[in-house]
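Any chance you can model this:
(2 chains)
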Amino acid sequence: ILNVEQSPQSLHVQEGDSTNFTCSFPSSNFYALHWYRWETAKSPEALFVMTLNGDEKKKGRISATLNTKEGYSYLYIKGSQPEDSATYLCASDYNQGGKLIFGQGTELSVKP
Amino acid sequence: DTAVSQTPKYLVTQMGNDKSIKCEQNLGHDTMYWYKQDSKKFLKIMFSYNNKELIINETVPNRFSPKSPDKAHLNLHINSLELGDSAVYFCASSPGTGWSETQYFGPGTRLLVL
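Predicted coordinates:
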């Protein structure tokens, strides 16, 4: 059974703080790691897809890194804003016809 | 212009009923999926279709039957609904089944079985 774990489960930060969270996944037969941002009552929205060991991706104040050998990815948010409040999901892909294995998510709350 | 849409958004029904959830995508994608958000909030894949052909069929009760009339639509029919079927069901689509392809999600259908 393939398990993807995210930590922490929830995080409360003040506006302006920088933060990061972790996604751990089985590294055997790994092909890609997806990050999604999911606001309450909306659809999960794709942030990044990463495939290569050492990959780094950036979108505005959000960036992510990937270590495929040890099976983890970090998501960083620089200078958090209240609009960053959402659940951040990661999902690993083992080239099984689009089957993604999702983690439980990290729920981020940014207070003004 | 909604890329992936689902109807209905909310569904409240009695145990034993049969119900359907519809999904449509206007992205021109070949592949569509159904996910269930379980009680622990994990998104778990149920089915996927590529060009109307079933390619992923996870361990799901056979009361759940997907139907894809064309590649822009994937509907989910549930027979003899049970209390445990209460969950949020998400539809998604992707260009194909490649291993790095982004999946685009619908807004979810919140099903409550009483």
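
Am I right that A:Glu83 sits in a helix?
Yes: according to DSSP: H, G, I helix; E, B strand; the rest coil, A:Glu83 belongs to a helix.

The nearest residue to it once chain neighbours are set aside: what's it in contact with?
Take A:Glu83 and drop its neighbours on the chain: the residue closest to it by CB to CB, 6 or more residues apart in numbering or on different chains is A:Val110, 7.9 Å away. In short, each C-beta sits where N, CA and C put it, glycine included. By CB atoms under 8 Å, 6 or more residues apart in numbering or on different chains, the contact set of A:Val110 is A:Val13, A:Gln14, A:Glu15, A:Asp17, A:Ser80, A:Gln81, A:Pro82, A:Glu83, A:Asp84, A:Ser85.

change it to 7 Å
A:Val110 makes contact with A:Val13, A:Glu15, A:Ser80, A:Gln81, A:Pro82, A:Asp84, A:Ser85, according to CB atoms under 7 Å, 6 or more residues apart in numbering or on different chains.

same question, B:Ile45
B:Ile45 neighbours (CB under 7 Å, 6+ apart): A:Lys99, A:Leu100, B:Tyr33, B:Tyr35, B:Ile56, B:Glu58.

Would you mind confirming that the second one is in contact with A:Leu89?
By that I understand A:Leu100. No: if you go by CB atoms under 7 Å, A:Leu100 and A:Leu89 don't touch, sitting 9.5 Å apart.

tell me, what's touching the two both at once?
Overlap of the contact sets of A:Leu100 and A:Leu89 (by CB under 7 Å, 6+ apart) is empty.

one step back: and the pLDDT at the residue nearest to A:Glu83?
You'll see A:Val110 listed with a pLDDT of 97.

Brilliant, that's me finished.
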